[in-house]
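**Student:** Next come a sequence and a model predicted from it.
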Amino acid sequence: MLAEIARYGVIAAGLWLILVAVWMVFRPAACRAVLAKMGSTPLIHFGEHFVRALVGLAFVGAAEYSRAPDILTYAGWFLVASSILIMLAPRRMHAAYAVWWADRLPLWAYRALAPVSLIGGAALIWVVA
């Protein structure tokens with residue numbers, strides 16, 4: 001039962017990445033604004049990384065029943081560990097890093113990176129389907 005819940009978590013993450021890809025193509029300025037806000041408040045900072053860690057745990061939980069168990073296991077534990085480290089780091093560092101990237105990425109880069117998000121999302125769904 002937990003593996004099935006984890007599988008749905010991975011599918012939800014894949015759908016999220018596909019939605020983000022569409023958003024990057026049609027609303028790159030909005031994507032830039034959201035990127036600049038990452039880490040800006042405690043709710044955003046901890047909320048972002050709590051969800052990210054849950055997705056990592058879903059990867060780990062679904063890995064055994066997937067087409068790529070090693071990849072999902074390592075990626076999942078990486079997501080969990082890096083989320084914990086970022087949550088423990090001073091929030092102002094996370095916020096400053098997000099603003100640094102938002103200031104430097106031109107709008108065309110969001111559109112150019114959209115296929116990466118689309119393919120990644122589709123791959124996540126495929127690997128657990």
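**Tutor:** Now that the structure is in, tell me what you want to look at.
**Student:** What segments of the protein are helices?
**Tutor:** 2-26, 28-37, 42-63, 69-88, 91-104, 107-128 (DSSP state H).
**Student:** Highest mean neighbour count out of those?
**Tutor:** Of all those, helix 42-63 has the most neighbours on average by mean count of other C-beta atoms under 10 Å, namely a mean of 19. C-beta: built from backbone N, CA, C; applies to glycine.
**Student:** just for this protein, where's the confidence low?
**Tutor:** In the predicted model of the chain, no residue satisfies pLDDT under 70.
**Student:** Spatially central residue in this protein, please.
**Tutor:** Centroid-nearest residue in the chain: Arg52, 6.1 Å away (criterion: C-alpha atoms, centre = their mean).
**Student:** Who are the contact partners of that one?
**Tutor:** Residues in contact with Arg52, defined by C-beta atoms under 8 Å, 6 or more residues apart in numbering, are Leu79, Ser83.
**Student:** distance of it from Asp103?
**Tutor:** 23 Å (C-beta to C-beta, to the nearest Å).
**Student:** now swap in Leu35 and tell me
**Tutor:** 10 Å.
**Student:** same deal with Ile44?
**Tutor:** Counting by C-beta to C-beta - Ile44 and Asp103 are separated by 18 Å.
**Student:** go on, Pro28?
**Tutor:** Look at Pro28 and Asp103: by C-beta to C-beta, they are 14 Å apart.
**Student:** swap in Met87?
**Tutor:** Plainly put, Met87 is 24 Å away from Asp103 if you go by C-beta to C-beta.
**Student:** Check Gly121 too.
**Tutor:** From Gly121 to Asp103 the distance is 27 Å (C-beta to C-beta).
**Student:** Same question for His45.
**Tutor:** His45 is 19 Å from Asp103, by C-beta to C-beta.
**Student:** Also Arg111?
**Tutor:** Separation of Arg111 from Asp103 (C-beta to C-beta): 18 Å.
**Student:** Ok, Met24 next?
**Tutor:** Going from Met24 to Asp103 by C-beta to C-beta gives 17 Å.
**Student:** for Ala129, same thing?
**Tutor:** Distance check for Ala129 against Asp103: by C-beta to C-beta, it reads 39 Å.
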